[in-house]
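1. 3D, please:
(chains A and B)
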2 protein chains.
Amino acid sequence: MANRTDQLLRSAWTAEPPQLPPHALRWLRQETGLTDSWTPTRVMTAPPSELPEKAHEVLTAIVGAEHVLTDEQSRLGRTGGLSYLDLLAHKGIGDVSVPDAVVLPADPAEVAAVVKACAELGLSIVPFGGGTSVVGGVKAAERSVVLDLARLDRLVLVDEVSRLAVFQAGVRAPDAEKALAEYGLTLGHVPQSFERATIGGFAATRSAGQASSGYGRFEDMVEGVRVATARGEVRFGVAPASAAGPDLRHLMIGSEGAFGVITEVTVRVRPLPAIRRYEGFVVDGWDRGADVVRKLAQDRVLADVTRLSDVDETNVSFALTGGLKAAGLRAYLKARGINEPCMLIVGWEVQDRHELAMRRAATLRRLRGSVRLGRVLGEAWRHGRFNGPRQRDALMNAGVCVETLETATHWSQLNELYAKVRLALTDSLGRAIVMCHISHAYETGASLYFTVIAPRSIEDPAGQWKRAKAAACEAIAGLGTISHHHAVGVDHAPYLPAEIGDLGMEVLAAVKKTLDPSGILNPGKLIAP
Amino acid sequence: MANRTDQLLRSAWTAEPPQLPPHALRWLRQETGLTDSWTPTRVMTAPPSELPEKAHEVLTAIVGAEHVLTDEQSRLGRTGGLSYLDLLAHKGIGDVSVPDAVVLPADPAEVAAVVKACAELGLSIVPFGGGTSVVGGVKAAERSVVLDLARLDRLVLVDEVSRLAVFQAGVRAPDAEKALAEYGLTLGHVPQSFERATIGGFAATRSAGQASSGYGRFEDMVEGVRVATARGEVRFGVAPASAAGPDLRHLMIGSEGAFGVITEVTVRVRPLPAIRRYEGFVVDGWDRGADVVRKLAQDRVLADVTRLSDVDETNVSFALTGGLKAAGLRAYLKARGINEPCMLIVGWEVQDRHELAMRRAATLRRLRGSVRLGRVLGEAWRHGRFNGPRQRDALMNAGVCVETLETATHWSQLNELYAKVRLALTDSLGRAIVMCHISHAYETGASLYFTVIAPRSIEDPAGQWKRAKAAACEAIAGLGTISHHHAVGVDHAPYLPAEIGDLGMEVLAAVKKTLDPSGILNPGKLIAP
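-> Residues are numbered from 1 along each chain as shown, chains lettered A, B, ... in the order given. Modelled structure (predicted):
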């Protein structure tokens, strides 16, 4: 399993760097003033491990010598996640902390033993699942060990009557789906991190997938959690719903490894859809598009995937398909009265043609005035939907500052939040492309997901983004949540007090103190030091 | 507003006692061996208020002299809720604690000031909304004041775009619906306590209404909460969904006044349904009925109200309609192959005939083999659905031990839980009628709601029920949740540790310690002393 992780890590950081197609590069240079010069990069190196001899012995006794790794490659591969800043660090730009060791326990009992031992040793632990955090959630701490959950890779139990499955935390999403498919079941949780992310990570970060309108957010799927804390194991969730006091599952979901290490998750599963149908539409203007999505949500006829791009994101999508095609598409839309094209992807995952017909008709009734671009666009989006990280690698290799951030708010504040975050980003970054989409809609509000592309600063690439991100976070404070589905990590920790108040922070700290008295669990995440 | 509360309280406890119709009384005597003799009751009296002079001054300064009540009637009216044990206490059977005063703040700011002042005075507070707790959730403590939220009766804000409404905590459900109806909106939360219960109480107890399949549990409706803690105010919830750490709304929902006093709740609202259609069916046998409900839930075509009674509950329903009619109905069903009649009520609340037709067809397809009893039965249930408490009063006046309890679990464990709780109750109570229904179904499981009718013990009426309840709670432990929608209060507090573990209890205690350091907020509730 460790090899599997390393293989995935290698593919992210050391494989042949992906390149942008020439037409995309030309277009970027024209739009953003991108040039050929950028900060030279260097290979990251690790200082020698300073894992105390005693700790090595104790950990080896629990997990076996072959599962306590102190070599450079294993430690370098787990210094952080996949944020722009993490990727810069891997190019030698900015500081990184390298853990002293990577520990790979075999099962929940070994995880519990490792956590207990580290608490006694006073050794910090950074839990590591898929390593896909984009908010510094798996940033290694100084003098820490990374607890890699890759070996907790079992589907423990399927209860077909109750439509429940118990997974160990380290099961990756594609493996979970493969195991469930043998029972004709699916989880239906498909965030962009799908290819690498783990069940435990989904729970720890309160994840939401692209099909959240249909399958729910990950928290909606969690029936129970098993967590190894520094004071022992806890298990929450004995029924689909309960009024037995505050729902403590919700304290563990989103706890980001700061209260304990999630080792097992009981999730609700559904029958595999017999039919998947994705279609593309174009709506005229962002405001009108958002109104359509709101109407679909409030009439409770949302497709399972519903995703509205703003004009800039739509134009970039068109541009990346190639100049000529894009020009033809724009002319076609103009002739149909669409001046500000906003792409809308809707996807249904259903059991039969009857259900599809019913639900599709309900959507189409509310899409009058939009232009249908058909299944080709829908399917193209579906097949390319995990490509974001690879596209980002290509953009980074072309010298681009590229990152995403997201938030959510009530419908009545959505446009104000949209405008303010856009303004904050463009003010900070100068000649940048700022794109946005709504990918998660609710009756009372929606998420906003921004993607930023700008020429990378040569003098201070990390600072360039840190300033832009800070400006966006300040624009969000008071209007929306600091994160709709990426979690807090290190990057959002300074902004959490504004959202939940000082007393809210004290509550989190009190829970942490109870479950992690010596503060060894994922230090600096969720709660700023 | 105090008068309004008193009026409601009087109607519960001092109005002309309701009587059972003669045929029902005959039937009960025959089934349970009920006789005419029972424990004599006496009128409850209150010791004089011992509110310290200093406290009286401080509270008067905050809320005004006319809103600090120390008279006997006001204090006696707020000694507890509406459980069987509470009602016995009101007949002079068993012990009661009477508060020293009732304080009625005008708004969230005054609530915050009262809580702060009481923390400084070391004076315990029992928050009191509708006073409908059936688990001892509003049981008065010795040397305490009751904080009655009746004056927090405002609809603060309606955001029609976001479909959100902000209510003060003391707004009663019927008043909330009346205020929303002016906007063409509804909350759709209709627990049996509807007529008296409050918005704040729904949140504090993690309530679920009879139409939870359609409108969701109350926690699904809560977008935000404002809470006055002993350390200051907190507000949680800025967006429909968030990944900004653990969802602290879920710490306040179900906190039962032990962490703070909920003063405002932001709730999701929906358009008033244009059509309400309720129908009755009879399914042959509990197992088959439960399978039908499971199928409806797992195929995600549940009606907004879906309620399956077991054979005993169905027979009681039939019997109470009158002997002759009941015999005719049984013969009619027998002729149609129904030997073990289980009544199934399904109700849709929809916007138009098209939606009704679609959804009704989806339900009916899955109800093949059942017998349709039509809209009369459905509407009869709908119109009588808040009668439970009045029927209970009549039963109590006839010398009956009558109480309900509820739980929930996964589908695969439902029948085991059903059998074990039934057995525990009948073993403990002897010649009793134990009835059950499923009123809340989920994809992964369902609730079980038991009603018990037995001849009341003459020697020890309170002990009789306490022993039966303890037996049921022990049967539930390890198989289901100790409460699906009635909360913990005093009665379930001893069983919570088995459900969430000692560490879970420590987490709750740590949160309480943070927000209520001197332990003045609703002592003994949620967390056993």
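
2. could you give the number of residues near A:L356?
-> 18 (other CB atoms under 10 Å in any protein chain shown). For glycine as for every other residue, the C-beta is placed from the backbone atoms N, C-alpha and C.

3. ok, now which ones touch it?
-> Going by CB atoms under 8 Å, 6 or more residues apart in numbering or on different chains, A:L356 touches A:I275, A:R277, A:W348, A:V350.

4. which among those residues count as buried?
-> A:R277, A:W348, A:V350 (16 or more other CB atoms under 10 Å in any protein chain shown).

5. contacts only, for the spatially closest residue to the first one that is not a sequence neighbour.
-> Spelled out, that is A:R277. Leaving aside its chain neighbours, A:R277 sits nearest to A:W348 (5.1 Å; criterion: CB to CB, 6 or more residues apart in numbering or on different chains). Contact analysis of A:W348 by CB under 8 Å, 6+ apart lists A:G214, A:I275, A:R276, A:R277, A:Y278, A:A303, A:D304, A:E355, A:L356, A:R359, A:R360.

6. ditto for A:L76
-> A:M44, A:T45, A:A46, A:V98 are the contacts of A:L76 under CB under 8 Å, 6+ apart.

7. with A:A468 instead?
-> Contacts of A:A468 (CB under 8 Å, 6+ apart): A:A424, A:L425, A:S428, A:L429, A:V452, A:A454.

8. state whether it is indeed within a helix.
-> Yes. Under DSSP: H, G, I helix; E, B strand; the rest coil, A:A468 sits within a helix.

9. and it, what pLDDT?
-> A:A468 carries a pLDDT value of 98.

10. got the buried ones among the contacts of A:L356 as CSV, with distance to A:H410 and secondary structure columns?
-> Shown next, in CSV, are those (distance: CB to CB, whole Å; DSSP: H, G, I helix; E, B strand; the rest coil):
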residue, distance to A:H410, secondary structure
A:R277, 31, strand
A:W348, 27, strand
A:V350, 30, strand
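
11. what ranges of the stretch 201-350 of chain A fall below the confidence cut-off?
-> A:321-324 (pLDDT under 70).

12. and the stretch 251-400 of chain A, which of its residues are near chain B?
-> For the stretch 251-400 of chain A, the contact set with chain B under CB under 8 Å from any CB of the partner chain comprises A:L251, A:M252, A:I253, A:G254, A:S255, A:E256, A:R268, A:R270, A:R294, A:Q298, A:M358.

13. wait, the fourth one sits on A:A204?
-> Which is A:G254. Yes. A:G254 lies in contact with A:A204 (CB atoms under 8 Å); the separation is 7.3 Å.

14. residues of the stretch 401-529 of chain A that sit close to chain B?
-> Counting by CB under 8 Å from any CB, the residues of the stretch 401-529 of chain A near chain B are A:407-413, A:440, A:442-447, A:480-488, A:492, A:496, A:499-501, A:503-504, A:506-508, A:510-511, A:513-515, A:526.

15. in helices only, show me those residues.
-> A:411-413, A:496, A:499-501, A:503-504, A:506-508, A:510-511, A:513-515 (DSSP state H).

16. now those: which count as buried?
-> Buried, going by 16+ other CB under 10 Å: A:411-413, A:496, A:499-501, A:503-504, A:506-508, A:510-511, A:514-515, out of these.

17. farthest from the middle of chain A: give me that residue.
-> A:A335 (38.3 Å; CA atoms, centre = their mean).

18. for A:A335, give me phi and psi.
-> phi -60, psi -20 (degrees, to the nearest 10).

19. of the contacts of A:W348, closest to B:H23?
-> A:E355 (48.0 Å; CB to CB).

20. per-domain residue ranges of chain A.
-> A:2-23+A:38-148, A:155-271, A:275-384, A:390-487 (automatic domain parsing).

21. what are the ranges of the helices in the stretch 101-250 of chain A?
-> A:108-121, A:173-181, A:199-205, A:212-215, A:218-221, A:249-252 (DSSP state H, counting those that start in this stretch).

22. helices or strands up against the first one?
-> For helix A:108-121, the elements it packs on are helix A:53-63, strand A:124-128, strand A:144-148, strand A:222-229, strand A:232-236, strand A:261-268, judged by 3 or more CB pairs under 8 Å, 6 or more residues apart in numbering or on different chains; DSSP states H and E.

23. in CSV: these, plus distance to B:G92.
-> Shown next, in CSV, are the helices and strands packed on helix A:108-121 (distance: least, CB to CB, whole Å):
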stretch, distance to B:G92
helix A:53-63, 62
strand A:124-128, 58
strand A:144-148, 61
strand A:222-229, 45
strand A:232-236, 42
strand A:261-268, 48
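
24. need the ones you listed in a markdown table (columns: mean neighbour count).
-> Shown next, in a markdown table, are the helices and strands packed on helix A:108-121 (neighbours: other CB atoms under 10 Å in any protein chain shown):
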| stretch | mean neighbour count |
| --- | --- |
| helix A:53-63 | 16 |
| strand A:124-128 | 27 |
| strand A:144-148 | 27 |
| strand A:222-229 | 26 |
| strand A:232-236 | 21 |
| strand A:261-268 | 27 |
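
25. residue contacts, the closest residue to A:T514 other than its chain neighbours?
-> Excluding the flanking residues, the one nearest A:T514 by CB to CB, 6+ apart is B:A510, at 4.3 Å. Each residue near B:A510 by CB under 8 Å, 6+ apart is listed here: A:A510, A:V511, A:K513, A:T514.

26. how much space between the residue nearest to A:V225 when sequence neighbours are not counted and A:P246?
-> Computed as CB to CB, 6+ apart, the closest residue to A:V225 that is not its neighbour in sequence is A:M252, at 4.8 Å. Separation of A:M252 from A:P246 (CB to CB, to the nearest Å) stands at 12 Å.

27. specify which member of the buried ones among the ones in helices among the residues of the stretch 401-529 of chain A next to chain B is nearest to B:E53.
-> Using CB to CB, the shortest approach to B:E53 within those belongs to A:L503, at 31.9 Å.

28. right, and that closest one touches B:F236 too?
-> No. Under the criterion of CB under 8 Å, A:L503 is not in contact with B:F236, lying 10.0 Å apart.

29. secondary structure, neighbour count and distance to A:A331 for the contacts of A:A468 - can I get that in JSON lines?
-> JSON lines is the format used below for the contacts of A:A468 (DSSP: H, G, I helix; E, B strand; the rest coil; neighbours: other CB atoms under 10 Å in any protein chain shown; distance: CB to CB, whole Å):
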{"residue": "A:A424", "secondary structure": "helix", "neighbour count": "21", "distance to A:A331": "34"}
{"residue": "A:L425", "secondary structure": "helix", "neighbour count": "23", "distance to A:A331": "30"}
{"residue": "A:S428", "secondary structure": "helix", "neighbour count": "19", "distance to A:A331": "35"}
{"residue": "A:L429", "secondary structure": "helix", "neighbour count": "22", "distance to A:A331": "31"}
{"residue": "A:V452", "secondary structure": "strand", "neighbour count": "25", "distance to A:A331": "29"}
{"residue": "A:A454", "secondary structure": "strand", "neighbour count": "24", "distance to A:A331": "29"}
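
30. can I get the residues you listed in a markdown table with distance to B:R382?
-> As requested, these are exported to a markdown table (distance: CB to CB, whole Å):
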| residue | distance to B:R382 |
| --- | --- |
| A:A424 | 52 |
| A:L425 | 53 |
| A:S428 | 58 |
| A:L429 | 59 |
| A:V452 | 54 |
| A:A454 | 60 |
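
31. ok, the residues you listed vs B:H23, which is closest?
-> A:A424 (73.4 Å).

32. these two touch, right, that closest one and A:A475?
-> Yes. Assessed by CB under 8 Å, A:A424 is found in contact with A:A475 at 4.1 Å.

33. restricted to buried residues, select the contacts of A:L76 in ChimeraX.
-> Entered in ChimeraX, the line below selects the buried ones among these, by 16+ other CB under 10 Å:
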select /A:44,46,98
